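Have a look; sequence and predicted model below, questions after that.
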Amino acid sequence: MRPTFIRTALVTFRWSGGPKISRSDRVRLSSTTIGSTPSLEDRKRLDVAIVGLPNAGKSQLLNVLTQSTVAAVSRKRHTTRDGILGARTVDDTQLYFVDTPGFLRQSQAKKEGLNRDLVVTASSEMENVDFSLLVVDAARRMTDDYEETLVALMLAALRSQGRLEFDVHSAEEVQSIRTPKGGTNPAKFAVVLNKVDLVHPKSNLMDLAVNIGTLAEQCIKFDAKESGKEELFLDSAYLQESLPMFFYISALKQRGVQDLLEFLLERATPSTSWEVEAGEATPMTMKERIEEVIREKIYRCLHKEVPHSIRQENRVLQQGKDEDGNIVLVIHQDLIVRSKSHQELVHGGGGRTLERIRETAARGLEKIFFCNVVLHLHVKLPRSKNQRWSI
């Protein structure tokens, strides 16, 4: 007998029918906003956590969904160290995203030398969101550890309380606001199978969906039993409504993302407040965005050699004009390392690695801020050993 969730997997087994986002659009500071800013009464919103294992493509997906370089992206695991915030506003609806560090169970995190704060960030960020996107690397082999981590994330998504809005007081009002159009028991998460272009044969994708869908169904029933709602799921139709949708995408190639975007917009519910102004891609400050772009280039240029313990400090951030009257952003940032060997790795032979980081970061910042950028990077090693190990 075919599992009940398979219908949802088949629904979205297609590439996006929407237009491909151009490179120039992706690097715009503002995200697409159609029409004028709606009144408070007409606004809708959906707070979304993007979660998954390390290197599943979460940050790449966030950047495509927001049409801006919000989060650092690299092939190195654990590039995202803190929850990154991004937004996309379309007409009367704002999607507010939290991109979390790759989730690891405590035992695996200990093996990789990561502290507990990084491990718990993913689950804690899910507590007050309306919906979660569970991003899975479709090209990665499914192991027991992988399945256990997916189960932990599914349970965290099922137990999310939804966003907090200060003018909502009663449980009935909260339930009304959080119920999207056309459903009384909405699913709490969707499964996003990313990097599907790397999977051959494509029939393997359906096998993966069946495996993950079975885990999802078991998690939903377990959570219902724990919360005393087990009898509701005796109704197969009710269970079907609670099961996650499956999306097959390539965030890097921007395939299938339009379907996902439209799905999220449909789930938005009435809201009296937006986190960012219409047209803005993130509430992050200029300083935070500069650090994020430079950090991405550090990971890209150094690959597996770079330690996660590099600390960035902005020493100078000034805006001025050149002799032709063009705006110029002048940035001096210190890259503080833990050892002499790390310092040498960041510099590279003849300073070539550091120059490559500086040059690529400056180009990326110019695309974001639409002005000339003069970037100076300084690699520093603290004299005190105590200072080094506090990095």
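Received, thanks.

roughly how far apart are A49 and F246?
From A49 across to F246, the span is 18 Å (Cβ to Cβ, to the nearest Å). For every residue, glycine as well, the C-beta is placed using N, CA and C.

which residue of this structure sits farthest from its center?
Going by Cα atoms, centre = their mean, the residue of the chain most distant from its centre is E323, 40.3 Å out.

where's that residue relative to N372, distance?
Distance from E323 to N372, counting by Cβ to Cβ: 12 Å.

And Y96, how far from R45?
According to Cβ to Cβ, Y96 and R45 sit 7 Å apart.

any shared contact partners between these two?
Residues touching both Y96 and R45 by Cβ atoms under 8 Å, 6 or more residues apart in numbering: 274-275.

Compare neighbour counts for A49 and F246 and give me the winner.
When A49 and F246 are compared on other Cβ atoms under 10 Å, the one with more neighbours turns out to be A49, at 29 against 26.

so D324 is in which element?
For D324, there is no host helix or strand (DSSP states H and E).

Could you report the neighbour count for it?
Counted by other Cβ under 10 Å, the residues lying close to D324 total 7.

Moving C-terminal from the lowest-mean-pLDDT helix or strand in the chain, which element do we reach first?
For the chain, counting by mean pLDDT, DSSP states H and E, helix 23-26 ranks last in confidence among helices and strands (a mean of 34). Remark: after helix 23-26, the chain's next helix or strand is strand 44-52, criterion DSSP H and E.

Which helix in this protein has the most residues?
When the chain is parsed with DSSP state H, its longest helix is helix 203-226.

same for that helix, what does it pack against?
With contacts taken as 3 or more Cβ pairs under 8 Å, 6 or more residues apart in numbering; DSSP states H and E, helix 203-226 sits against helix 6-11, helix 144-158, strand 189-194, helix 236-242, strand 246-248.

Off-centre distance for the helix or strand just after the shortest one?
Moving toward the C-terminus from strand 246-248, the next helix or strand (DSSP H and E) is helix 257-267. Averaging C-alpha coordinates over helix 257-267 and over its chain gives two centres that are 15 Å apart (Cα atoms, centre = their mean, to the nearest Å).

and of the helices and strands packed on helix 203-226, who's closest to R300?
Judged by Cβ to Cβ, the one of these that comes nearest to R300 is strand 189-194, at 19.0 Å.

could you give the mean pLDDT of that closest one?
Here strand 189-194 scores 96 as its mean pLDDT.

Also stretch 218-238?
Mean predicted lDDT for stretch 218-238 stands at 83.

Flag every buried residue along that stretch.
219-220, 223-224, 233 (16 or more other Cβ atoms under 10 Å).

what do you get for stretch 146-162?
Across stretch 146-162, burial judged by 16+ other Cβ under 10 Å covers 149-150, 152-158, 160, 162.

from the residues you listed, which is closest to Y238?
When the buried residues of stretch 146-162 are compared for distance to Y238 (Cβ to Cβ), L158 comes out closest, at 14.6 Å.

and the closest residue to that closest one other than its chain neighbours, what does it touch?
Nearest residue to L158 in three dimensions, chain neighbours excluded: D223, at 4.4 Å (Cβ to Cβ, 6 or more residues apart in numbering). The contact partners of D223, taken as Cβ under 8 Å, 6+ apart, are 155, 158-159.

and D223, how far is that from K229?
Noted for D223: a distance of 8 Å to K229, by Cβ to Cβ.

care to break this protein down by domain?
The chain breaks down into these domains under automatic domain parsing: 6-270, 286-389.

Low-confidence regions, the stretch 101-250 of the chain specifically.
For the stretch 101-250 of the chain, the stretches with pLDDT under 70 are 101-125, 166-185.

rerun at 90
Applying pLDDT under 90 to the stretch 101-250 of the chain flags the ranges 101-129, 145-146, 148-149, 152, 159-187, 224-242.

same check, this time on the stretch 251-391 of the chain
Applying pLDDT under 90 to the stretch 251-391 of the chain flags residues 271-289, 291-293, 295-311, 322-325, 337-342, 345, 364, 367-370, 382-391.
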